[in-house]
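Colleague: this is a predicted model, with the sequence first.
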Amino acid sequence: DAGVTQSPTHLIKTRGQQVTLRCSPKSGHDTVSWYQQALGQGPQFIFQYYEEEERQRGNFPDRFSGHQFPNYSSELNVNALLLGDSALYLCASRAQGPGTDTQYFGPGTRLTVL
Amino acid sequence: EDKVVQSPLSLVVHEGDTVTLNCSYEVTNFRSLLWYKQEKKAPTFLFMLTSSGIEKKSGRLSSILDKKELSSILNITATQTGDSAIYLCAVRLIQGAQKLVFGQGTRLTINP
């Protein structure tokens, strides 16, 4: 049973560029959340996708956008990259319904903005 | 603003010691509290707590929630070098997407 997978594992970009990160949820999961984890900090909620729609958004600017596909996989797009966007980007998935509080995390994508 | 605070931020102990990690929270619409272990990248799930006063155990790790004090502790007995990691506490909210609000994490180092 494959867990949550993310690609790429590492990425280096320069300021002003755009980046797309990808996530495939754990088998049987239909809800995907994205988190940003800066060095030395806990993960911060960016947004969540369910049924191909954004359900809730954290305190992140519109430069951060996402998408969910019919197979439940998801993309995170960041435009006009800033140095401060350098972080580990984590994807987490879970199933909807009772008893499904646990979110399972992928290995993350380490983004470095130069 | 929803807030989760962990203490200590960093802890160094010798193998075999027992450690207690703390997590306190101030959130609206509490649903559950989760503990994760983060070694390299992916946080791995340890415990989920919803009811106050009920201890969850897994081997040498245990955790308990105190809803009156808005806090939780994670205990690790007979620590091993493999327990070295960042331990993250997160609170899941009821409303909306039921997002997780994380603390800063406690970096635990076990020296042989």
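Modeller: Looks like it came in fine. Numbering: from 1, shown residues only, chains lettered A, B, ... in the order given.

Colleague: for the rest of this, base every contact and every neighbour count on C-alpha atoms.
Modeller: OK.

Colleague: near chain A, which residues of chain B show up?
Modeller: B:32, B:34, B:41-45, B:48, B:88, B:92, B:96-97, B:99-105 (Cα under 8 Å from any Cα of the partner chain).

Colleague: PyMOL command for the buried members of those residues?
Modeller: Applied in PyMOL, the following selects the buried portion of the residues of chain B next to chain A according to 16 or more other Cα atoms under 10 Å in any protein chain shown:
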select buried, chain B and resi 32+34+41+42+43+44+45+48+88+92+97+99+100+101+102+103+104+105
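
Colleague: what about the residues of chain B next to chain A, which are in strands?
Modeller: Under the assignment DSSP state E, the residues of chain B next to chain A contribute B:Ser32, B:Leu34, B:Pro43, B:Thr44, B:Phe45, B:Met48, B:Leu88, B:Arg92, B:Leu100, B:Val101, B:Phe102 to strands.

Colleague: the third one against A:Gly108, yeah?
Modeller: Think B:Pro43. No - between B:Pro43 and A:Gly108 there is no contact under Cα atoms under 8 Å: 9.4 Å.

Colleague: give me the phi and psi for B:Gly82.
Modeller: Dihedral pair for B:Gly82: phi -70, psi -10, per degrees, to the nearest 10.

Colleague: quick one, what contacts it?
Modeller: By Cα atoms under 8 Å, 6 or more residues apart in numbering or on different chains, the contact list for B:Gly82 reads B:Ile110.
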